[in-house]
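A.B. asks: What would the 3D arrangement of this be:
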Amino acid sequence: MTRDELIEKNLGLVHSCAKKFIGKGIEYDDLYSSGCVGLIKAIDNFDESLGFKLSTYAVPVILGEIKRLFRDGGMIKVSRSLKELSLKATKIADEYKKEHSSDIPISELAKMLNTDVYKASEALSVSTPVMSLTAHSEDGERELDVPTVSVEDSLIEKLSLFDIIKTLEKSDRELIALRYFKHKTQVDTAKALGLTQVQVSRREKKILSIMRQKLI
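C.D. replies: Prediction:
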């Protein structure tokens with residue numbers, strides 16, 4: 001499956017993540033566009049050898065990109081070239097929606113812009129004005145904070161975990177993948193790796209200790 005096909009196939013993940021932030025102060029189009037950037041980053045950095053599904057890795061990356069909008073106050077600094085590309089992307093997207101009554105696929109937009117899907121997503125992410133995360137009360141004197149509720153922080157933390165797993169030796173990565181991503185018992189893991197259950201137990205404890213130290 002090509003890169004563009006993977007992106008198109010997993011856009012549902014972006015919608016699912018973006019919907020969690022509806023009503024938090026940023027337009028849905030911006031949430032979705034940032035999520036698309038996260039999806040593309042996840043696909044480009046995904047390592048099948050770790051033994052888990054793309055969606056498991058992609059969700060925290062997508063959420064991380066969306067949450068960045070809130071951390072940055074919705075303000076995104078862009079270059080002149082990106083602004084120009086954004087204007088073209090917006091025009092094409094609007095015309096497509098009028099004609100087809102649906103949003104233009106990122107891969108198709110990229111072709112029409114003569115760029116890659118990452119750049120096309122980035123162009124769309126800056127095309128819509130961002131709403132403020134604060135609002136004033138009727139008397140104009142008080143400023144009301146719009147809360148940005150933490151969503152699935154445990155998934156975000158997996159990003160650091162995955163980075164640490166990548167630093168392990170191949171045999172150690174296989175052991176962790178079997179035990180914690182494929183949910184194999186120590187006995188089954190031992191059979192798969194040609195070890196004894198005792199060896200797996202000892203090695204697993206050592207690997208987890210190393211990982212904990214790196215997470216601190």
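A.B. asks: Could you check what's spatially nearest to the residue nearest the centre of the chain, not counting adjacent residues?
C.D. replies: Centroid-nearest residue in the chain: I62, 1.8 Å away (criterion: C-alpha atoms, centre = their mean). Leaving out its chain neighbours, the residue that sits closest to I62 by C-beta to C-beta, 6 or more residues apart in numbering is G38, at 3.7 Å. C-beta coordinates here come from the backbone N, C-alpha and C atoms, glycine included.
A.B. asks: So which elements touch the helix or strand harbouring the one you found?
C.D. replies: Taking DSSP states H and E as the definition, G38 sits inside helix 28-45. The contact analysis (3 or more C-beta pairs under 8 Å, 6 or more residues apart in numbering; DSSP states H and E) places helix 28-45 against helix 3-9, helix 11-19, helix 54-71, helix 117-125.
A.B. asks: any chance of the ones you listed in CSV, plus distance to M211 and mean pLDDT?
C.D. replies: Output for the helices and strands packed on helix 28-45, formatted as CSV (distance: least, C-beta to C-beta, whole Å; pLDDT from 0 to 100):
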stretch, distance to M211, mean pLDDT
helix 3-9, 28, 85
helix 11-19, 26, 88
helix 54-71, 17, 82
helix 117-125, 31, 70
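A.B. asks: Point out the most buried one among those.
C.D. replies: helix 117-125 (a mean of 24; mean count of other C-beta atoms under 10 Å).
A.B. asks: any idea which helix is longest in this structure?
C.D. replies: helix 80-100 (DSSP state H).
A.B. asks: Point out where this structure drops to low pLDDT.
C.D. replies: Across the chain, the ranges flagged by pLDDT under 70 are 50-52, 72-80, 118, 122, 124-160, 215-216.
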